[in-house]
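Asks: Curious how this folds, go ahead:
(chains A and B)
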Protein chains: 2
Amino acid sequence: MTRTVLESATRTVTLGFDEPFCVIGERINPTGRKKLAAQLEAGDFSTVERDALTQVACGAAVLDVNAGVVYNSNPDPNITEPPLMRKMIELVQGLVEVPLCIDSSVPGALEAGLAVANGRPLVNSVTGEEERMERVLPLVAKYNVPVVAISNDDTGISEDPEVRFAVAKKIVERAADYGIPAHDIVVDPLVMPIGAMATAGQQVFALVRRLRDELGVNTTCGASNVSFGLPSRHGINAAFLPMAIGAGMTSAIMNPTRIAEMEAIRAANLLMNHDANGADWIRFAKVLEQVEAGADFAEASQAAMAAGTGRGRRGGRARA
Amino acid sequence: MTRTVLESATRTVTLGFDEPFCVIGERINPTGRKKLAAQLEAGDFSTVERDALTQVACGAAVLDVNAGVVYNSNPDPNITEPPLMRKMIELVQGLVEVPLCIDSSVPGALEAGLAVANGRPLVNSVTGEEERMERVLPLVAKYNVPVVAISNDDTGISEDPEVRFAVAKKIVERAADYGIPAHDIVVDPLVMPIGAMATAGQQVFALVRRLRDELGVNTTCGASNVSFGLPSRHGINAAFLPMAIGAGMTSAIMNPTRIAEMEAIRAANLLMNHDANGADWIRFAKVLEQVEAGADFAEASQAAMAAGTGRGRRGGRARA
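Replies: I've put the predicted structure just below:
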């Protein structure tokens, strides 16, 4: 049975076909967040701290940390990203207990993060591009950590799922040359927007099944891509996630502060028999009740966590 | 390709693996609705009329009609149900254009409904019980209509999915003896409450796949059973339905006035590529927006239909 083990200093999270779906919180990322980027350049980490605490309270089992900010004062990410990544990793792992996912396209930033991260973080990511494999896979082997493998290569992102499967297979095989086992490869089969490609959903469901059955690997995705450009995106995402979980998807890199998606994932865990005695669902249902009564999801989640997981006692009502 | 064709006087609805999920509205049923039962005994059909119009506006493609009321004045359903079923079928098909599902455990009521129903209604239901098969299958053959086959038999409801599959197979084979083709059998594999049986979800997903792949039949279920006894049931149902659809389930007998479930089904249709150009989703998103702004789901759905963005009421646009 495929098991991808992530660790912080104190906690173990396992990705697997018989495990609860692993939510990797995506919020600590300055890409497209101008305000956060400016704060980071100014040495203000208050948003990072808040995002770390909020995402974990809302149900993230792992936090992605991306330091991809382009400084006004220095536009070279090879210079600016490694020290910022180090600082952010140290900050986040000092605040929360969950394992981290070190996210960068700059190999020097991946290594800077790996050098300071506790336990067994997830590296995000390698692709099927030759140069990228040559730079990232030795790092992954050196630190004995798992890695996200995105199924594009030097020819770009193929719309043909056969090609994307072949790229994933190539990365798994290349990783084996470095002594990296298949259970440490978490494949992102690439989710296309259904508004642009009507078969995008069926493609992913079929790909995830093949990746599980033929390569025996865990999988992840940028879940919200599927609804890009369409109205009522959360409703699409909240149906996509259970369907992907039913097909065998074992994690997603996503925003855990969105209640619709988190409700869908927790219900899917229950329906997959990955929630013993429904304990997690019953606990979450109390948060849902508070949100229906007007509370903010993140605040209600934090209050439930502060109340000691909310189990066996009434969680304090969150103030909106 | 398996296609189960239902018809009203003016409209065709097809159940199939490449068709949108078929929502069979369950509300016209006095079981457990004391007020409705009393109204029916008193000859008051106003609730039936309202339920018919509301369910179609909310997205039911077929309406279930059940006349199973136990009169205070006459406790014998073999006497009371047939004339009431006839009256209810005539009333409902005079109000809405969708095909009907004639729902009774009284064979005389099924025949009374079949005698007056336009087009090609669905019979609900036969089971694997010998007496039931002997009474219902000849009716199904005589009227050349499709039938729901519930996978329990004289030994009751088995918790073993292998047994439930075998019962479904037995009904399909027995039906063939009467000249009823497999594509006119819509199997209900029986959804157990996940609160009582943790494997209930996985059982159904696996059963639906087998029923599709090995027997080539369409499937249905009482979708809300899965969440019986648990808190926040709509959240569980709204994850169950997309997962069941992903596994190959093609219809459900359910309450179409519940927005969470209907949103999940419409999103799943989009993700299965059963919603050309996302037209249905985009139309539905406008209703969602109104509900988020405070409107009632049924009222917003009826307003959208009246504005010509929906279909279903007699006099509206019919599909050839």
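
Asks: shaky segments in the stretch 201-320 of chain A?
Replies: Applying pLDDT under 70 to the stretch 201-320 of chain A flags residues A:309-320.

Asks: Hmm, residue A:152 is touching residue A:126, no?
Replies: No: here residue A:152 does not reach residue A:126: they are 10.8 Å apart, not a contact under CB atoms under 8 Å. Backbone N, C-alpha and C define where each C-beta goes, glycine included.

Asks: Neighbour count: these two, which is higher?
Replies: residue A:126 (24 against 18; other CB atoms under 10 Å in any protein chain shown).

Asks: Confirm that one sits in a strand?
Replies: Yes: judged by DSSP: H, G, I helix; E, B strand; the rest coil, residue A:126 forms part of a strand.

Asks: And what about the nearest residue in space to it that is not next to it in sequence, helix, strand or coil?
Replies: In space, and not counting its chain neighbours, residue A:126 is closest to residue A:136: 4.2 Å by CB to CB, 6 or more residues apart in numbering or on different chains. Following three-state DSSP, the label given to residue A:136 is helix.

Asks: ditto for residue A:102
Replies: strand.

Asks: For it, which residues are in contact?
Replies: A:65, A:85, A:89, A:109, A:110, A:113, A:114, A:117, A:121, A:122, A:123, A:124 (CB atoms under 8 Å, 6 or more residues apart in numbering or on different chains).

Asks: The fourth one touches residue A:82, doesn't it?
Replies: It stands for residue A:109. Yes: with contact defined as CB under 8 Å, residue A:109 and residue A:82 form a contacting pair (4.9 Å).

Asks: quick one: which of the two has more around it?
Replies: Neighbour count, other CB under 10 Å: between residue A:109 and residue A:82, residue A:109 has more, with 27 against 21.

Asks: buried stuff in whichever strand or helix holds that one?
Replies: In the assignment (DSSP states H and E), residue A:109 maps to helix A:107-116. Going by neighbour count (16 or more other CB atoms under 10 Å in any protein chain shown), the buried part of helix A:107-116 is A:107, A:108, A:109, A:110, A:111, A:112, A:113, A:114.

Asks: Quick check, residue A:136 in contact with residue A:123.
Replies: Yes: contact criterion CB under 8 Å: residue A:136 and residue A:123 qualify, at 6.9 Å.

Asks: Between the two, which contacts overlap?
Replies: Residues touching both residue A:136 and residue A:123 (CB under 8 Å, 6+ apart) are A:110, A:147.

Asks: Residue A:227: neighbouring residues, count only.
Replies: Neighbourhood size, residue A:227 [other CB under 10 Å]: 25.

Asks: OK, contacts around it?
Replies: A:193, A:194, A:195, A:233, A:234, A:236, A:237, A:240 are the contacts of residue A:227 under CB under 8 Å, 6+ apart.

Asks: mind checking the longest helix of chain A?
Replies: helix A:77-95 (DSSP state H).

Asks: List the buried residues in it.
Replies: Of the residues in helix A:77-95, A:77, A:80-82, A:84-89, A:92-93, A:95 count as buried by neighbour count, 16+ other CB under 10 Å.

Asks: Rebuild the residues you listed as JSON lines, extending it with pLDDT.
Replies: Formatted as JSON lines, the buried residues of helix A:77-95 follow (pLDDT from 0 to 100):
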{"residue": "A:77", "pLDDT": "90"}
{"residue": "A:80", "pLDDT": "91"}
{"residue": "A:81", "pLDDT": "95"}
{"residue": "A:82", "pLDDT": "96"}
{"residue": "A:84", "pLDDT": "96"}
{"residue": "A:85", "pLDDT": "98"}
{"residue": "A:86", "pLDDT": "98"}
{"residue": "A:87", "pLDDT": "98"}
{"residue": "A:88", "pLDDT": "98"}
{"residue": "A:89", "pLDDT": "98"}
{"residue": "A:92", "pLDDT": "98"}
{"residue": "A:93", "pLDDT": "97"}
{"residue": "A:95", "pLDDT": "97"}
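
Asks: For those, work out which two are farthest apart.
Replies: By the measure CB to CB, A:77 and A:95 form the most distant pair in the buried residues of helix A:77-95, at 24.6 Å.

Asks: Around chain B, which positions in chain A sit nearby?
Replies: A:194-195, A:198-199, A:201-202, A:205, A:226, A:230-232, A:235-236, A:238-240, A:242-243, A:245-247, A:263-264, A:266-268, A:270-273, A:276-278, A:281-282, A:284-286, A:288-289 (CB under 8 Å from any CB of the partner chain).

Asks: Sounds good, over and out.
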